[in-house]
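# below: sequence and its predicted model.
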Amino acid sequence: MATRPAMPWRNYLTTLTRLRAPQRGSLTAIPRMVEQDPRVKHEFLIPEAAKKSVILKQFDSNHDLKKAFPMYSKGYLVLKGEGAWDEKPFLVFGKFLLRENCQCPKCVHPDTRQRTVDTFSIPEDIDVTDIESRPTDVKIGWSDGHESLYSWDWLVAHQNTKPWNDKPWNARRKEHLQLRTKHVDMHDARDTKYPEVSYEQVMSEEKGVLRWLRKIYSNGFCFIKGVPVNPEATKELIERIAFIRNTHYGGFWDFTADLTFKDTAYTNEFLGGHTDNTYFTDPARLQLFHLLSHTDGSGGESLLVDALAAARKLEEESFEDYLCLATERHSWHASGNEDVCIQPSFRAPVLSIHPDFERVYQVRWNNYDRAPKNDWKIKDQTRWYKAARRFNEILNEESRQIWTQLEPGTALIFDNWRMLHGRSEFTGKRRMCGGYVNNDDFISRLRLLKYGRERVLNNLGTTMAKRHPNSNISAIY
Ligand SMILES: C[N+](C)(C)CCCC[C@H](N)C(=O)O
Ligand SMILES: O=C(O)CCC(=O)C(=O)O
């Protein structure tokens with residue numbers, strides 16, 4: 001019989017569940033623990049029908065939890081198999097992560113499988129107030145008043161595993177310390193007002209295309225005036241850059257709020273600032289929208305935010321927060337359509353640092369499509385959510401937000417690696433068309449127009465990036 005721990009138990013919830021079979025990564029030898037502690041406030045056994053048995057134990061203090069689980073500390077919810085503590089595996093979850101990944105239909109869109117709960121509306125000090133364990137799932141009451149449901153299968157699959165091949169924070173920090181964002185303005189002089197070109201210029205001459213692409217590259221976005229209000233002309237406009245990127249949404253899109261594809265873009269709901277394609281290994285670089293019509297309703301304003309500029313502010317304010325968003329890698333997913341579950345071939349951070357230019361070159365920010373991550377310690381979770389919350393606050397600063405109401409005849413194109421876009425909710429019938437363009441095709445077009453083919457071919461593979469990326473014409477990005 002394990003010796004009785006010295007300290008009283010309170011404060012930590014340990015829900016014990018016998019797993020059907022030891023789960024890889026969840027088996028961690030723990031010191032012999034008291035089986036039943038008279039100070040446990042309440043415990044109950046789950047009906048055998050659950051094919052698991054669970055005892056709810058109430059831990060009293062961080063010290064007690066660490067005594068029981070020396071590798072874990074405050075902020076964890078621990079699920080443990082019934083019986084001798086060191087005989088059964090246990091599941092561990094960061095409380096905030098578990099709350100953020102509540103699987104109830106209010107928190108995950110039932111059709112699109114996207115997170116709909118606003119991560120940053122959840123209090124940072126969220127706590128568990130109650131657990132009800134049932135045959136197929138666990139109901140958890142939270143201190144913010146929300147009630148969550150998790151299937152046992154989901155819990156077992158998403159338990160926190162010992163981070164594999166994950167360098168401890170300090171090692172990662174040292175590795176990246178020299179990677180300050182050099183505030184070289186990689187882009188030409190920005191337009192003072194909103195950048196725009198005319199459809200006629202773009203369609204009639206190559207130098208019109210060059211002017212257009214340089215505005216996109218410098219400002220992150222550009223309006224195109226005088227576009228004939230039809231899908232055909234819009235498609236031809238995009239193809240002045242390059243062929244349209246085909247995805248599971250098709251190539252050229254002409255869409256309304258009818259859930260043709262299971263994604264919240266195909267609804268009339270509000271869409272907070274996000275980048276698209278976080279779930280692709282290679283997210284599309286450009287995205288063009290052209291509003292063809294909006295009848296019997298209102299709303300549907302378009303939002304743009306320069307997330308690269310926001311990343312620079314975050315770095316100036318807190319290198320730790322910036323570094324955390326640049327090193328903690330996440331999974332992302334597009335799983336709404338029955339025949340699709342797209343995830344990138346590697347987990348990717350919110351801020352990707354370019355290996356040659358040593359600065360952020362791509363932002364992945366999409367809290368709807370970010371998948372639950374289960375291989376990080378609570379202190380890394382706490383650090384990341386703190387950094388992400390601050391980044392979110394910077395992104396939501398009113399002075400950064402560009403809200404415009406698109407009109408038929410004016411198209412908008414933007415850099416999806418740099419700019420967030422979003423949409424206010426709307427009523428009525430709204431018809432939007434557009435398309436994606438790959439990074440490599442965009443940059444190829446820009447490079448050849450800007451430098452001419454001969455000079456580009458004479459500079460293939462040159463690496464002058466350290467001085468100024470624009471001088472390195474073989475690799476502008
Ligand atoms: C194709 N069209 C642009 C209409 C919708 C695309 C949905 C994009 C998805 N929510 C994402 O964040 O990638
Ligand atoms: O409907 C809109 O204005 C934008 C939709 C959107 O954000 C998207 O398709 O990613």
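Noted; the coordinates are in hand. Ligands and ions are numbered 1, 2, ... in the order given.
# how close does the closest residue to ligand 2 within the chain sit to Asp306?
Residue of the chain nearest ligand 2, by CB to the nearest ligand atom: Ala265 (3.3 Å). No exception for glycine: its C-beta is placed from N, CA and C like everyone else's. Distance, Ala265 to Asp306, by CB to CB, to the nearest Å: 21 Å.
# hmm, back to that, and the residue of the chain closest to ligand 2, that's in a strand?
No - going by DSSP: H, G, I helix; E, B strand; the rest coil, the assignment for Ala265 is helix, not a strand.
# next, count neighbours for it.
Residues lying near Ala265 (other CB atoms under 10 Å) number 20.
# next one, pLDDT for it please.
Looking at Ala265, its pLDDT stands at 92.
# which residues touch it?
Residues in contact with Ala265 (CB atoms under 8 Å, 6 or more residues apart in numbering) are Phe255, Leu271.
# can we see that at 10 Å?
112, 114, 249, 253, 255, 257, 259, 271, 274, 276, 368, 423, 432 (CB atoms under 10 Å, 6 or more residues apart in numbering).
# can you give me the strands in the stretch 151-300 of the chain?
196-198, 221-225, 253-255, 271-274, 286-295 (DSSP state E, counting those that start in this stretch).
# got JSON lines for these, with mean neighbour count, distance to Leu446 and mean pLDDT too?
JSON lines is the format used below for these (neighbours: other CB atoms under 10 Å; distance: least, CB to CB, whole Å; pLDDT from 0 to 100):
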{"stretch": "strand 196-198", "mean neighbour count": "18", "distance to Leu446": "14", "mean pLDDT": "97"}
{"stretch": "strand 221-225", "mean neighbour count": "22", "distance to Leu446": "13", "mean pLDDT": "97"}
{"stretch": "strand 253-255", "mean neighbour count": "19", "distance to Leu446": "24", "mean pLDDT": "95"}
{"stretch": "strand 271-274", "mean neighbour count": "21", "distance to Leu446": "25", "mean pLDDT": "97"}
{"stretch": "strand 286-295", "mean neighbour count": "20", "distance to Leu446": "11", "mean pLDDT": "98"}
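# check the contacts of Ala265 one by one and keep those near ligand 1.
Tyr249, Trp253, Phe255, His274, Asp276 (CB under 6 Å from any ligand atom).
# Asn367 against Ala388, yeah?
Yes - using CB atoms under 10 Å, Asn367 is in contact with Ala388, at 8.3 Å.
# now for these two: what residues contact both?
Thr119, Phe120.
# quick one: contacts for the residue of the stretch 51-200 of the chain at minimum distance from ligand 1?
Residue nearest to ligand 1 within the stretch 51-200 of the chain: Gln114 (7.2 Å; CB to the nearest ligand atom). With contacts defined as CB under 10 Å, 6+ apart, Gln114 is in contact with 108, 262-265, 333-336, 366-370.
# from Arg370, how far off is it?
10 Å.
# what part of this structure, helix or strand, is modelled with the least confidence?
When the helices and strands of the chain are scored by mean pLDDT, DSSP states H and E, strand 12-15 comes last with a mean of 36.
# list the buried residues of the host helix or strand of Thr129.
Secondary structure assignment for Thr129, by DSSP states H and E: strand 128-133. By 16 or more other CB atoms under 10 Å, the buried positions in strand 128-133 come out as Val128, Ile131, Ser133.
# residues of the protein that sit close to ligand 2?
So far as CB under 6 Å from any ligand atom goes, the chain lies against ligand 2 at Ala265, Leu271, Asp276, Phe289, Ser302, His421, Arg423, Met432.
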